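Asks: Please work out how this folds:
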Amino acid sequence: MSGNVPASTRTLRVLTFLATQPGPVPMERIASAVGLPRSSTYHLLRAMIDEGFVVHLPEEKRYGLGVAAFEIGSAYLRHDPLERLARPLLVQLVAEVGQTAHLGVLHGRELVYLLKEQPPRPVTLVTDVGVRLPATLTASGRALLAELPAAQVRALFPGPESFVRRTDKGPQTLTQLRRLLADEKRQGFAVEDSFISPGVSSVASAAVDHAGHPVAAISVTFRTDAVPPAERRLLAHRIRQAATALTRRLHG
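Replies: Next up is the predicted model:
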C-alpha cells in the first residue's frame, strides 16, 4: 500500500506528524505514524535531514523538526497578513508608552524586523524595517527562542561559532543561552540592555500560533536612562498584553 504513495506525500506526512509532537520522537514512532517500513523511513529521514527539514539527535536516538521546517511553517505569517494584524497593536502601544515599538520574526539565527512604529520624537535606533540582528542579542529574538523546543534551539546554536557579540554583553555558549531563555520564559518577557547598542534597551514578548509555536515578537526599544527600572515591569506587562492580543488575532 505504501509503495503507491508519492514520495512528496510521505514527506508531508512526516512533517505533519513531527509538527504535532511536543518534542523529538524515535524513528519507530514516525514509521508507525506514516505507515512506512523502518528502512524506507530511515532513507526518507536522511534526505529530509540533508535539506534541513529534520534534525537528528543521535544521543537520544530521536528526530525532530529542523530549521527549514520552522521557516517554511512561518513563511505565510511572516508577510503581509501578519503585519496587517500587528500594526494596529503597535500603533496603540506606541501611543500608550511613548517609545518605539517593533514587530520581529526569527529567520534562522537572526531576528528580522517587519514593522516599526515611532512616537513623535523618536530615538535614533539601528532597528529599522528589514534589518537583521543576532537573535540571541535581541529581546525579540530571545522571546521567540524561549518558546522553541530545546532541541530546536540546540540545532540552531550547536557550538561557540554560532554566537556573535556586538558589545561586551550577551550569551556566548549554549549553556548561557539556555539559562537566559529559561529565566525569560518564566517571567513571560525578554529584556536586552546594551547587547546591541550601548545605552539602549528593549523589552519583548512573543505571540504564538494555535499550536503554541512562536510566530512573532512585539518589542519596545528605548534609551536605558529614559525608563527607570521600577517602570520596566509595567512596560513589560503592557507589551505582554499586546503580544497576547496578537496571539488571539492569529487564532482568528
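
Asks: contacts for the one helix or strand residue 244 maps to?
Replies: Assessed by DSSP states H and E, residue 244 sits inside helix 229-250. Applying CB atoms under 8 Å, 6 or more residues apart in numbering, the external contacts of helix 229-250 come out as 77, 82, 85-86, 89-90, 92-93, 96-97, 99, 101, 187-189, 191, 203-210, 215-220, 227. Every C-beta, even on glycine, is put in place using the N, C-alpha and C of the backbone.

Asks: can you do 6 Å?
Replies: Defining contact as CB atoms under 6 Å, 6 or more residues apart in numbering, one finds that helix 229-250 is touched by 85-86, 89, 93, 188-189, 203, 205, 207-209, 218, 220.

Asks: Buried ones among these?
Replies: Using 16 or more other CB atoms under 10 Å as the burial test, the contacts of helix 229-250 include 85, 86, 89, 93, 188, 189, 203, 205, 207, 208, 218, 220 as buried.

Asks: Filter those down to just the ones in helices.
Replies: Judged by DSSP state H, the buried ones among the contacts of helix 229-250 include 85, 86, 89, 93 as members of helices.

Asks: Looking at those residues, which two lie furthest apart in space?
Replies: Pairwise distances across those (CB to CB) peak at 13.8 Å, for the pair 85 and 93.

Asks: Tell me where the model's unsure across the stretch 51-200 of the chain.
Replies: Across the stretch 51-200 of the chain, the ranges flagged by pLDDT under 70 are 73-80, 126.

Asks: related to what we said a few turns ago, let's have the buried ones among the contacts of helix 229-250 in a markdown table, adding distance to residue 17.
Replies: A markdown table is the format used below for these (distance: CB to CB, whole Å):
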| residue | distance to residue 17 |
| --- | --- |
| 85 | 29 |
| 86 | 30 |
| 89 | 34 |
| 93 | 38 |
| 188 | 30 |
| 189 | 32 |
| 203 | 37 |
| 205 | 30 |
| 207 | 25 |
| 208 | 20 |
| 218 | 31 |
| 220 | 38 |
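
Asks: For residue 15, state which of these is nearest.
Replies: After measuring the buried ones among the contacts of helix 229-250 against residue 15 - CB to CB - the closest member comes out as residue 208, at 19.1 Å.

Asks: Would you check how far apart the closest one and residue 171 are?
Replies: Per CB to CB, to the nearest Å, residue 208 is found 23 Å from residue 171.
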